[in-house]
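Colleague: only geometry, no sequence info:
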């Protein structure tokens, strides 16, 4: 049997089959080990598929042997290969490093159920990435969302329940809007396969239902991706979730929604609807610029560590959308590359928060004052990841921001405004990252901690933190792999434009 031919299906099947097995395990340690093994296997599958894509292959799997559009097609190209790396990599690092933090947050008797929900979330997000069927995107979206609600609400902070309720309402509205849009497209084309939709929309004489569908789908996915001003669910969900869950969700969840948004708009709509390129830019560019400015401004005045980073994520989603709104190869390359680079930096930052949270319950700027003297390796990893978030040269964050500035300068007067916003946001990021670093290194704790002098995090968590932090440096100096994938993904999206 040719195992490589089945990799797209195994990407979903492995975590989905292991999840119910974990429920049957009695020990928390066994459940954690099983979840780590499944996540590692999913990551290895993603790496193997990425290697095949970089070698020039496009992996296609026909479920049940039925060819599209009659059957469901799983398809791996450069764009979703990058997204799969984010999902499985974030899951693996968070699980391997987060055992001690999760042991504090989740009662041992509930951990098998928790890790089962974690793997279901991984399977759902992976399914969104690999499927070539619009309705299956909705199915996997609901699977991943329901599992993610469980993960966020699983911690000891009861405020997570209200945060999850808001997330559930917003997520349900977003999924409903998406499904209405897909239904309208199906009504006019008679197909749910992305490639077949693109071919058939051109033959639709009355384009008004397709235009309405484009609006529903864009708004629904913007809700899922926390695009400004539809981001209201994100700050509390990130703040009150268990720290390791936040590291996992922040690294990949919104990126998957953005992936579907770009895939749908460029593959299905932009090549067929007159003026849709202009409408896409006119709708998303102002929201991207406002998201960058507002997210950065709020992050500068917040005091809670996780809320600072949460509002920073609103701004970073704006960067990705800004690049996409240019509808050009440089802009899309910059936006897609920033998906990868932001996932590395933000994942590392939230892992650092998880490390600090093992010893400290107060995670605001006063609470972490002087923590670098007792957790030097954790603080150093936080500083490195923060440098990438700012876009310091030599880090991955600098690479994608530089590409975004270059793409913006090609846009004339509109691009100059975008450049000014990106530069202002980077300066704002330097301010709020420096506030965290200053407090950690130079702040004076309000009282002497009753714990031992050395509060350093457990070595698995430190290893995961530094793997992500050093990844930000490595891909800042040697950015070939993410840039090659981003450039190939941009080419795949633009080939559908008229």
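Modeller: Done, it's in. Only a predicted model underlies this, so the values are computations on that prediction, with no experimental measurement involved.
Colleague: any idea how far residue 403 is from residue 303?
Modeller: Here the criterion is Cβ to Cβ, to the nearest Å. By it, residue 303 lies 33 Å from residue 403. Where you see a C-beta, it was placed from the backbone N, CA and C, and this is true even at glycine.
Colleague: these two: which is more packed in?
Modeller: Neighbours per residue (other Cβ atoms under 10 Å) separate residue 303 from residue 403, with residue 403 holding more: 23 against 13.
Colleague: check contacts around that one.
Modeller: Under the criterion of Cβ atoms under 8 Å, 6 or more residues apart in numbering, the contact list for residue 403 reads 323, 330, 333, 334, 337.
Colleague: pLDDT wise, what is it at?
Modeller: Taken from the predicted model, the pLDDT recorded for residue 403 is 91.
Colleague: buried stuff in the helix or strand encompassing it?
Modeller: Here residue 403 is covered by helix 396-409, with elements defined by DSSP states H and E. Neighbour-count burial for helix 396-409 flags 396, 397, 398, 399, 400, 401, 403, 404, 405, 407, 408 (criterion: 16 or more other Cβ atoms under 10 Å).
Colleague: could you do stretch 434-442 as well?
Modeller: Buried residues in stretch 434-442, counted by 16+ other Cβ under 10 Å: 435, 436, 437, 439, 440, 441.
Colleague: from those, which is closest to residue 469?
Modeller: residue 437 (13.5 Å; Cβ to Cβ).
Colleague: these two touch, right, the closest one and residue 382?
Modeller: Yes. Counting by Cβ atoms under 8 Å, a contact exists between residue 437 and residue 382, whose distance comes to 7.4 Å.
Colleague: what do these two both touch?
Modeller: Common contacts of residue 437 and residue 382 (Cβ under 8 Å, 6+ apart): none found.
Colleague: how far away is residue 326 from residue 261?
Modeller: Look at residue 326 and residue 261: by Cβ to Cβ, they are 15 Å apart.
Colleague: my bad, should have said residue 362
Modeller: Counting by Cβ to Cβ, the separation of residue 362 from residue 261 is 37 Å.
Colleague: these two: who's more crowded?
Modeller: Shown here are residue 362 and residue 261; by other Cβ under 10 Å, residue 261 has more neighbours (24 against 14).
Colleague: and that one, what does it touch?
Modeller: Going by Cβ under 8 Å, 6+ apart, residue 261 touches 217, 218, 221, 222, 225.
Colleague: ditto for residue 319
Modeller: Applying Cβ under 8 Å, 6+ apart, the residues contacting residue 319 are 288, 292, 335, 338, 342, 400, 401, 404, 422, 425.
Colleague: who wins on neighbours among these?
Modeller: Using other Cβ under 10 Å as the neighbour criterion, residue 400 leads the contacts of residue 319 with 32 neighbours.
Colleague: right, and that residue touches residue 343 too?
Modeller: No. Residue 400 lies out of contact with residue 343 (Cβ under 8 Å); the separation is 11.1 Å.
Colleague: would you mind giving the contacts of residue 403 as CSV with distance to residue 132 added?
Modeller: Compiled in CSV, the contacts of residue 403 are given as follows (distance: Cβ to Cβ, whole Å):
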residue, distance to residue 132
323, 24
330, 27
333, 23
334, 26
337, 24
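Colleague: in this structure, where is pLDDT below threshold?
Modeller: By pLDDT under 70, the low-scoring segments of the chain are 1-2, 270-277, 446-454, 496-498.
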